[in-house]
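Chemist: Predicted structure and sequence below. I'll ask about it afterward.
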Amino acid sequence: MVARLDTDNAKTEYGWDIYPAGFRTVLDEVKPYALPIYITENGLADSTDGQRPRFLVEHLYTLQRAIQDGIDVRGYFHWSLLDNFEWSGGYCPRFGLFSVDYTDPARPRTVRPSAALYQKIIDARDVSPSLFKQYDSYPTPTLTCTGGG
């Protein structure tokens, strides 16, 4: 297991810091290469979908600003469409915009509210300031997954 820093940042169920400023730092660091960028696997473990809306608002706003500032981002892929199996944590970390019921052999999928928010942002091609008011904080995770990197 990787040691985690003791910070005041909000934490995911996996114990990872939520830090959108770090996302921007990475985008700024690759800008001088002037190459197209695709963001893959940007998301968080959130089985209750309580933190994911704020995460999406902050990170997609950060991405929007980076594009406005001339960073050539061509695509953004949220981590993940569906809950999945994580080698270091099994089925506990829930990263999906759609939940998967692993207790049912049919593995039914259920859309999470954050998927609708993601669709709203995509359709508008904008993260409006009202979304920051609507999703004004990160609730403390109610579940803690062990493992992870």
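Modeler: Received it, and whenever you're ready, just let me know what you need. Numbers count the residues shown, from 1 in each chain.
Chemist: Check residue 1 and give its pLDDT.
Modeler: Per-residue pLDDT puts residue 1 at 47.
Chemist: Likewise for residue 36?
Modeler: 97.
Chemist: ditto for the one 4 residues further on
Modeler: Confidence per residue is given as pLDDT, and for residue 40 that number is 92.
Chemist: Just want the most central residue of this structure.
Modeler: residue 43 (2.2 Å; CA atoms, centre = their mean).
Chemist: Could you pull up the contacting residues of it?
Modeler: 52, 55, 78, 79, 80, 95 (CB atoms under 8 Å, 6 or more residues apart in numbering). Glycine gets a C-beta too; all of them are placed from N, C-alpha and C.
Chemist: gap between the closest residue to the third one other than its chain neighbours and residue 12?
Modeler: Which is residue 78. Leaving aside its sequence neighbours, residue 78 sits nearest to residue 43 (CB to CB, 6 or more residues apart in numbering; 5.2 Å). In this structure, residue 43 and residue 12 are 9 Å apart, going by CB to CB, to the nearest Å.
Chemist: Next: residue 115.
Modeler: 18 Å.
Chemist: now residue 97
Modeler: Counting by CB to CB - residue 97 and residue 12 are separated by 15 Å.
Chemist: Need phi/psi at residue 98.
Modeler: Main-chain torsions, residue 98, degrees, to the nearest 10: phi -120, psi 130.
Chemist: Next one, pLDDT for the residue nearest to it when sequence neighbours are not counted please.
Modeler: Spatial nearest neighbour of residue 98, chain neighbours left out: residue 109 (4.6 Å); criterion: CB to CB, 6+ apart. Residue 109 is assigned a pLDDT of 96 by the prediction.
Chemist: Based on its surroundings, how many neighbours for residue 109?
Modeler: 15 (other CB atoms under 10 Å).
Chemist: show me what contacts it?
Modeler: Residue 109 sits next to 82, 98, 99, 100, 101 when contact means CB under 8 Å, 6+ apart.
Chemist: again with residue 62
Modeler: Counting by CB under 8 Å, 6+ apart, residue 62 has contacts 20, 21, 23, 24, 27.
Chemist: In three-state terms, label the last one for me.
Modeler: When classified by DSSP: H, G, I helix; E, B strand; the rest coil, residue 27 comes out as helix.
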